[in-house]
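Undergrad: model the structure of this input:
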Amino acid sequence: MDISDDCFHVLEEKQDSPVVSHEEIAPSADENLTIATDSALTAFSQELSQIPSIEAQITFSLEQMEKALENNANLKLFWSIRKHCLPLFQQVENSGQRADLWSRYIDLTKEGRRVRSLQDEEGAFVIGQIELAISCLENDVANFVNEDPISVQQEELPACLEIQTLEKRREFYQKLHLSLVWLSNFSTRIIDLRKELMNVGMRMRLKSKFFQRLSALGNQVFPKRKELIEQVSAAFAEDVECFVAKYFSHNNKNSLKRFVFFLRKEIKNLQQAAKYLAISSDIFSSTRLQLSKCWDQLKGLEKEIRQEQSRLKVVSTENSKEVRERLSQLSQLLEEGKDLVKLRKELDGISKRMRSLDLTHEDVVALKGELQGVFDKLKEKQEIEDKRLQEQAARNRQIQQEAIKELNEKIEAFSEKCLSGNITNESRSEWGELKHKLTKATYLTASEKFPLENRLNAILQYIISFLEEQLLSSAHADEKLVHMRQVLAQRQERRKELKHKLEYDKKLLGSSGLDFDLAMQYSALVEQDKRALEELDEAIVELKQQIQQLSS
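TA: Numbering: from 1, shown residues only. Got it, this is the predicted structure:
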């Protein structure tokens, strides 16, 4: 597999200085200029020695001085030639010719001094720029050392790092890569400034100070950069080893088939990550070789998978047809307004059936969309039905509330009527009608029905007591004895009913389905039944004694 070697190459080499490059080994600009000047001066001396006349020698010297001031002026050569030329004027005998040559000599000297002044100004400007550049670099390096680079700049991760293999160390790679970006920038700037210094003419003492400052910066940058490259390289090599061991160590062809497309993408991303991250050349080469071997194992599998997918596509077409027919039937039943609960179960059955069939990814996506469409229609129908049922329940509840209110009002009116003493022989039948209505009111909850039943039972006891008092108030002894025996029979019968009611209420109280409030109400009812039974027993005993007295 073709993977170009774009890895990070370590710029520094194993030398005594932490900042060493091939440009430093080459002669500096000053040395080159000295060599060129000496060579040109030697050639000048040789040519000058071959000129016979003094005037011609001066003219030749002035021409060479003029050439030395042209493009890229060589002032060292200029002043050397000028020094050779000056003694020659003493040997010129023709005063007019000597004056002309001397005038030209003075003009060239002035021009040389002007060029030297310009070069001095330019050199001062360049020195100032170098000073500024080194100061900025020192400040940047100090900020980098004292601050977390992540807080300085947050770089968006490339897609090649957003992969499963590098997931555990993603933040580690991001942090160290950002640090290496800064360090590489610093190292490039250091090397460029060293090159610039070598090519700029200045006093050696000043140049030496600049080199010392750059060397100090290099001592901070290059070892740290090398250390981080080693850390990133080791981590990346370990991640690649884990990836290879997990998927390729068993030589299981079937297992590779299952993940072939994932593995192809993962290998490509790992190759891109190797180019993106700052790893050493050795690690880059070794991981590239490992990934290439893994890629070779995947060759041919894609073709087999394509063939299997072709066969699967035929089967998937038939299975898709079956699912679509069932969905079509279900949609028709839904339009006809069939039972929504049954249709929902049928839809769930189709969904389960889909999971058991052989289907291509495209068919699965398409069928899921169609299934979702039917489900949305079913959900819409269900929401409409639920809304209708809720409205109906609200109406029924309103009717029930009105019925409860009406029944409560009737019981209240009947109670007030009885308590006011307006009790007749029909009062018992009226009470029975109200009791029958209360029994038929199945929509009442236990907590709603309980107080109404208690109220009716209290009214019944009041009616019975009232009627019994009327019977017992007879003036004739014979009639009174008959009435007393009649009341005694009624009380004994009522005692049986009350005893039965007490047992029933106790069973209700002992059941586990009661909430706290209802349990408290039934507990109070049981106590009320017990008191009523005790009072009734006392009344029966008292009545028996009265009957016995009248009978004797």
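
Undergrad: for stretch 360-376, buried residues please.
TA: By neighbour count on 16 or more other CB atoms under 10 Å, the buried set for stretch 360-376 is Thr360, Asp363, Leu367, Glu370, Leu371, Val374, Phe375. In short, each C-beta sits where N, CA and C put it, glycine included.

Undergrad: could you find the closest non-adjacent residue to the third one?
TA: It refers to Leu367. Spatial nearest neighbour of Leu367, excluding adjacent residues (CB to CB, 6 or more residues apart in numbering): Val323 at 5.5 Å.

Undergrad: how much space separates Gly218 from Ile547?
TA: 129 Å (CB to CB, to the nearest Å).

Undergrad: for Lys303, same thing?
TA: Taking CB to CB as the measure, Lys303 falls 114 Å from Ile547.

Undergrad: so these two - more neighbours on which side?
TA: Legend: neighbour count by other CB atoms under 10 Å for Lys303 and Ile547, higher for Ile547 (16 against 9).

Undergrad: show me the contacts for the more buried one.
TA: Leu481, Met484, Arg485, Leu488 (CB atoms under 8 Å, 6 or more residues apart in numbering).

Undergrad: nearest residue to the last one other than its sequence neighbours?
TA: When you say that, I think you mean Leu488. Once flanking residues are discounted, Leu488 sits nearest to Leu543: 5.1 Å by CB to CB, 6+ apart.

Undergrad: shaky segments in the stretch 101-250 of the chain?
TA: Low-confidence segments of the stretch 101-250 of the chain, defined by pLDDT under 70: 118-123, 148-157, 201.

Undergrad: show me the chain divided up by domain.
TA: 1-297, 304-393, 423-551 (automatic domain parsing).

Undergrad: so which of those domains comes closest to Lys410?
TA: With CB to CB as the criterion, Lys410 lies closest to domain 423-551 of the domains of the chain, at 6.2 Å.

Undergrad: state the mean pLDDT of that closest one.
TA: Per-residue pLDDT over domain 423-551 has a mean of 74.

Undergrad: give me the distance between the two termini of that domain.
TA: Terminal residues of domain 423-551 are spaced 31 Å apart (CA to CA, to the nearest Å).

Undergrad: tell me how far the host helix or strand of Glu527 is from the chain's mean position?
TA: Per DSSP states H and E: Glu527 is located in helix 516-551. Distance, stretch centre to chain centre, for helix 516-551: 74 Å (CA atoms, centre = their mean, to the nearest Å).

Undergrad: likewise stretch 241-254?
TA: Worked out by CA atoms, centre = their mean, stretch 241-254 lies 30 Å from the chain centre.

Undergrad: residues in contact with that stretch?
TA: By CB under 8 Å, 6+ apart, stretch 241-254 touches Thr165, Ser255, Leu256, Phe259, Leu263, Glu266, Leu270, Gln290, Lys293, Cys294, Gln297, Leu301.

Undergrad: other SSEs contacting the longest helix anywhere in the chain?
TA: For the chain, the helix with the greatest residue count under DSSP state H is helix 361-419. If you count contacts as 3 or more CB pairs under 8 Å, 6 or more residues apart in numbering; DSSP states H and E, helix 361-419 packs onto helix 301-335, helix 340-356, helix 427-440, helix 446-472.

Undergrad: could I get the ones you listed as CSV with distance to Gln64?
TA: Formatted as CSV, the helices and strands packed on helix 361-419 follow (distance: least, CB to CB, whole Å):
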stretch, distance to Gln64
helix 301-335, 76
helix 340-356, 97
helix 427-440, 136
helix 446-472, 125
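
Undergrad: nearest to Arg388, of those?
TA: Across the helices and strands packed on helix 361-419, closest to Arg388 is helix 340-356 (CB to CB), at 11.6 Å.

Undergrad: so Arg455 makes contact with Glu416?
TA: No: between Arg455 and Glu416 there is no contact under CB atoms under 8 Å: 11.2 Å.

Undergrad: intersection of neighbour lists for the two?
TA: Residues touching both Arg455 and Glu416 (CB under 8 Å, 6+ apart): there are none.

Undergrad: of all the helices and strands packed on helix 361-419, which one is nearest Lys405?
TA: Each of those has some distance to Lys405 by CB to CB; the shortest is helix 446-472, at 11.3 Å.

Undergrad: could you check the angle the helix or strand just after the closest one makes with helix 516-551?
TA: Proceeding N to C from helix 446-472, the next assigned helix or strand is helix 477-510, under DSSP H and E. Between helix 477-510 and helix 516-551, the angle comes out at 160 degrees (axes from the mean of the first three to the mean of the last three CA atoms, to 10 degrees).

Undergrad: got the buried residues for stretch 80-97?
TA: Ser80, Ile81, Arg82, His84, Cys85, Leu88, Val92.

Undergrad: please name the nearest non-neighbouring residue to the last one.
TA: By that I understand Val92. Distances taken as CB to CB, 6+ apart place Arg98 nearest to Val92, at 4.0 Å, with adjacent residues excluded.

Undergrad: does the one you found lie in a helix or a strand, and which?
TA: Going by DSSP H and E, Arg98 is in helix 95-146.

Undergrad: output the contacting helices and strands for that helix.
TA: helix 54-68, helix 75-85, helix 170-198, helix 204-247.

Undergrad: tell me, what residue is most central in this structure?
TA: For the chain, the residue sitting closest to the mean C-alpha position, by CA atoms, centre = their mean, is Glu162 at 13.0 Å.

Undergrad: quick one, what contacts Lys530?
TA: Here Lys530 is in contact with Leu502 (CB under 8 Å, 6+ apart).

Undergrad: measure it to Pro451 for me?
TA: Distance check for Lys530 against Pro451: by CB to CB, it reads 19 Å.

Undergrad: repeat for Ala458
TA: Between Ala458 and Pro451 the computed distance is 10 Å (CB to CB).

Undergrad: around Ile305, how many other residues sit close by?
TA: Counted with other CB under 10 Å, Ile305 comes out at 16.

Undergrad: do the same with Arg194
TA: 20.

Undergrad: can you tell me the closest non-neighbouring residue to it?
TA: Arg194's closest residue in space is Leu214 (CB to CB, 6+ apart), at 5.8 Å.

Undergrad: now for the one you found, how many residues are close by?
TA: With other CB under 10 Å as criterion, Leu214 counts 22.

Undergrad: ok, Lys480 next?
TA: 17.

Undergrad: and for the one 5 residues further on?
TA: Around Arg485 there are 15 other residues, counting by other CB under 10 Å.

Undergrad: can you pull the contacts of it?
TA: Arg485 is in contact with Ile547, counting by CB under 8 Å, 6+ apart.

Undergrad: in stretch 256-267, which residues are buried?
TA: Under 16+ other CB under 10 Å, the buried positions of stretch 256-267 are Leu256, Val260, Leu263, Glu266, Ile267.

Undergrad: now those in JSON lines, with pLDDT?
TA: Output for the buried residues of stretch 256-267, formatted as JSON lines (pLDDT from 0 to 100):
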{"residue": "Leu256", "pLDDT": "74"}
{"residue": "Val260", "pLDDT": "77"}
{"residue": "Leu263", "pLDDT": "84"}
{"residue": "Glu266", "pLDDT": "87"}
{"residue": "Ile267", "pLDDT": "88"}
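
Undergrad: excluding sequence neighbours, find me the nearest residue to Arg169.
TA: The shortest distance from Arg169 to any non-neighbouring residue, by CB to CB, 6+ apart, is to Ala235 (5.6 Å).

Undergrad: gap between that neighbour and Leu176?
TA: In terms of CB to CB, Ala235 sits 8 Å off from Leu176.

Undergrad: of Ala458 and Pro451, who's got more company?
TA: The neighbour comparison of Ala458 against Pro451 (other CB under 10 Å) goes to Ala458, with 15 against 12.

Undergrad: wait, what's in contact with the more buried one?
TA: Counting by CB under 8 Å, 6+ apart, Ala458 has contacts Ser415.
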